[in-house]
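[1] this one's structure only:
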């Protein structure tokens, strides 16, 4: 079977709130801006994770890419060493949308969930040792 040879993977979220998303991921998750225009922002974390945000209704995009993300169906997960410690930090950040408080799940996970300015759910997870 033929496969497409990819080198880097990153999601791009269609949202009118690209600056707010930039501020959220740079200020709270530790990303850096690698490209910024009034229509698109590309972010990269020191660990290599990349993430992009593009405005909806751009004339140079195909019509099927014009609609903004509707806030349903995506969870972005970031693994951390100590979810409880990160939750304590998150609770102190004014305006941060915590939609699921710190929880220890029976299947071996500690986590909490944020909602970013594009309405993407951001799951901050610590996997417990088996």
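    Cool, the structure landed. The structure displayed is predicted, hence computed values, not measured ones. Numbers count the residues shown, from 1 in each chain.
[2] Give the residue spans of this structure that score low on pLDDT.
    Residues of the chain meeting the criterion pLDDT under 70: 129-130.
[3] and the longest helix along the chain, what does it pack onto?
    Assignment by DSSP state H gives helix 83-91 as the longest helix of the chain. Contacts defined by 3 or more CB pairs under 8 Å, 6 or more residues apart in numbering; DSSP states H and E place helix 83-91 against strand 97-105, strand 109-115, strand 121-127. Glycine gets a C-beta too; all of them are placed from N, C-alpha and C.
[4] Determine which of these approaches residue 2 most closely.
    Nearest of those to residue 2, taken as CB to CB: strand 121-127 at 33.5 Å.
[5] Pull the number of nearby residues for the closest residue in space to residue 10 that isn't next to it in sequence.
    Spatially, and ignoring its direct neighbours in sequence, residue 10 is nearest to residue 50 (3.6 Å; CB to CB, 6 or more residues apart in numbering). Other residues lying near residue 50 total 15 when counted by other CB atoms under 10 Å.
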